[in-house]
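Student: Generate coordinates for the sequence data below:
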Amino acid sequence: VPISPADLRHIPSWVVRDFVHYTLPVHANQMIYGLAMALLTAIMGHMGSDMVSANAIASNLRELVSVACYALSTAGAILLGQEMGAGRLDTAKMLGKALELLSLMLGAAAGALLMLIRGLIVRFSGLDGEAAVLLEMMIPICAIYCIGRSYNATTISGIFCSGGDTRFGVILDTITMWLIVLPLSYAAAFVFKWPALVIYMFLNLDEFVKMIPSALRMRQYKWLKNLTRSE
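Tutor: Numbers count the residues shown, from 1 in each chain. Sure thing, here's the model as predicted:
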């Protein structure tokens, strides 16, 4: 890229406005989601050491097998941005559909891998007793979670952001995490005192709740925009 430090001292005001307009919702979304996840972790911390130990292993393995899904989200956003920036919106539309399908396939593959190594995970986890039993039951939930996580990461964080549709993620995460998942998880843990595995299902409910609105948003094509400007 032919750029020099001198170019950075004279950034047009419209560049700054566009940057703030499209990126501020992304930062807000991450803050809202991160704070909600911290509170969910706090709820889990009150469920005993066995639950905390089992979740530590299950969640880390879930993230490990989902690396390809996160890569698809980032790479997909770049590819779509290139096509839409060049004005090839029809091509971008087809590419968006392909990325959507691929995200489901990669999520399913990640979940299948997790189930495939389920026995080895439990055997070499170093856990025993109730913690080992919880870990074995958590893994199928994590495997299914991988599908929703892959789909939402590709659509919300990848496809939608590539076309500047960044506010949708803020609204969806705020409603999902703060009005649905957190209240239900809190009630399940401290009001109804349901079994640990049931509470764990509520704690991982967010990706499934977001899948339907994300799929509907995909088909509205509000993300299909060319954000470039010409002089």
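Student: For Val15, grab phi and psi.
Tutor: phi -70, psi -40 (degrees, to the nearest 10).
Student: now it: how far from Met177?
Tutor: Using Cβ to Cβ, to the nearest Å, Val15 is found at 32 Å from Met177. In short, each C-beta sits where N, CA and C put it, glycine included.
Student: Neighbour count: those two, which is higher?
Tutor: Remark: of Val15 and Met177, Met177 carries more neighbours, 24 against 10, as counted by other Cβ atoms under 10 Å.
Student: Quick check: closest non-adjacent residue to the more buried one.
Tutor: Distance criterion Cβ to Cβ, 6 or more residues apart in numbering; nearest residue to Met177, sequence neighbours excluded, is Ala36 at 3.7 Å.
Student: contacting residues around that neighbour?
Tutor: 173, 177-178, 181-182 (Cβ atoms under 8 Å, 6 or more residues apart in numbering).
Student: quick one: secondary structure of Trp223?
Tutor: Following DSSP: H, G, I helix; E, B strand; the rest coil, the label given to Trp223 is coil.
Student: Averaged pLDDT, whatever helix or strand Glu63 lives in. What do you get?
Tutor: Per DSSP states H and E, Glu63 falls inside helix 49-65. In this model, helix 49-65 has an average pLDDT of 91.
Student: ok, and what's touching it?
Tutor: For helix 49-65, contacts defined as Cβ under 8 Å, 6+ apart pick out 44-45, 110-111, 113-114, 121, 125, 127, 129-132, 134-135, 138-139, 142, 145-146, 149, 196, 200.
Student: Any buried residues in it, and which?
Tutor: Burial within helix 49-65, assessed by neighbour count using 16 or more other Cβ atoms under 10 Å, is assigned to 50-51, 53-55, 57-59, 61-62, 65.
Student: again, but for stretch 108-125
Tutor: The neighbour-count check on stretch 108-125 (16+ other Cβ under 10 Å) flags 109-111, 113-115, 118, 121-122, 125 as buried.
Student: Would you point out which residue is most central in the chain?
Tutor: Ala153 (4.0 Å; Cα atoms, centre = their mean).
Student: Just after the helix holding Glu63, pick out the following helix or strand.
Tutor: Counting by DSSP H and E, the element after helix 49-65 in chain order, helix or strand, is helix 67-85.
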